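S.K.: have a look at this fold, sequence not included:
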Ligand SMILES: Nc1ncnc2c1ncn2[C@@H]1O[C@H](COP(=O)(O)OP(=O)(O)OP(=O)(O)O)[C@@H](O)[C@H]1O
Ligand SMILES: Nc1ccn([C@H]2C[C@H](O)[C@@H](COP(=O)(O)O)O2)c(=O)n1
């Protein structure tokens with residue numbers, strides 16, 4: 001192993017990447033990269049500044065210069081700050097997710113975020129969550145997971161998640177949004193969502209969160225990553 005170990009967790013929207021990778025990072029005492037949050041921050045900052053969603057140069061400039069801070073409070077909740085203002089909740093809406101998926105298809109934006117993402121690597125280890133963590137950002141990662149679940153299960157999970165937050169949610173509309181985001185993330189010419197050649201595919205459709213975490217920990221232990 002060249003440096004500190006890296007586990008990548010890629011997969012489609014709602015497959016559980018954030019939940020699983022955060023749990024893994026906490027259990028291992030490792031760092032965590034929520035790369036989707038970076039794309040969401042770019043889309044959010046662009047909207048705040050009135051950029052056209054098609055403005056690749058403008059979004060790439062933001063990606064390079066964003067003043068972002070991630071921290072985890074004593075309550076274990078991730079908080080995200082943009083220009084000194086907390087935006088943890090504001091960037092999580094489906095509309096910002098859609099904008100993130102649009103700006104993420106711009107090569108200039110992806111290039112601008114590359115080093116920012118790589119800077120998260122370090123001792124004692126990193127769990128990196130996204131769409132191209134294993135295929136592009138950390139191609140030498142020691143363990144690459146491609147986490148998936150059926151489209152219906154992912155829509156049901158998202159529906160439940162929104163309801164639990166007291167937000168209104170329509171299952172049919174969510175299913176369509178997820179299908180549209182899958183298509184955009186998988187069909188883009190640059191860094192499309194797909195399993196890295198050496199990824200282990202974990203289909204979580206019928207697995208509990210605990211079972212998925214346990215499976216990844218077993219794979220990590222077999223590779224002597226901790
Ligand atoms: N194996 C599982 N069984 C049941 N629910 C799950 C499972 N994994 C995740 N969930 C739930 O599904 C919802 C979506 O999970 P999460 O936000 O982690 O997905 P994600 O892949 O990070 O999505 P996105 O890429 O859109 O951010 C959450 O409410 C989470 O608790
Ligand atoms: N490594 C990444 C992470 C995210 N994206 C894009 C594609 C997603 O639709 C969008 C939001 O991600 P989420 O927070 O829902 O995980 O950002 C990407 O292209 N590459």
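M.R.: That came through fine. Keep in mind that what you see is a predicted model, and the values were worked out from it rather than measured. Ligands and ions are numbered 1, 2, ... in the order given.
S.K.: hmm, who's touching the helix ranked longest in the chain?
M.R.: In the chain, taking DSSP state H as the definition, the longest helix is helix 171-187. Under the criterion CB atoms under 8 Å, 6 or more residues apart in numbering, residues 12-14, 94, 97-98, 101-102, 104-105, 131, 151-152, 154-156, 158-159, 162, 192-194 lie in contact with helix 171-187. From N, CA and C alone the C-beta is placed, and that goes for glycine too.
S.K.: so how far is the next helix-or-strand element following it off the chain centroid?
M.R.: Next helix or strand after helix 171-187 toward the C-terminus (DSSP states H and E): strand 200-203. Distance, stretch centre to chain centre, for strand 200-203: 16 Å (CA atoms, centre = their mean, to the nearest Å).
S.K.: mind listing what strand 200-203 pairs with, with the direction of each?
M.R.: Here strand 200-203 is paired, per DSSP bridges, with strand 143-148 (parallel).
S.K.: contacting ligand 2 as well, which ones from the contacts of helix 171-187?
M.R.: Among the contacts of helix 171-187, the ones lying near ligand 2 by CB under 6 Å from any ligand atom are 13, 97, 101, 104, 131.
S.K.: in helices, which of those residues fall?
M.R.: Within those, residues falling in helices by DSSP H are 97, 101.
S.K.: scan the ones next to ligand 2 among the contacts of helix 171-187 and report the most crowded one.
M.R.: Neighbour count (other CB atoms under 10 Å) singles out residue 104 as the most crowded of those, with 27 neighbours.
S.K.: list the contacts of it.
M.R.: 39, 110, 131, 185, 188.
S.K.: returning to that earlier point: generate a ChimeraX selection restricted to the buried subset of the contacts of helix 171-187.
M.R.: Here is the ChimeraX command that selects the buried residues among these (16 or more other CB atoms under 10 Å):
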select :12,13,14,94,97,101,102,104,105,131,151,154,155,156,158,159,162,193
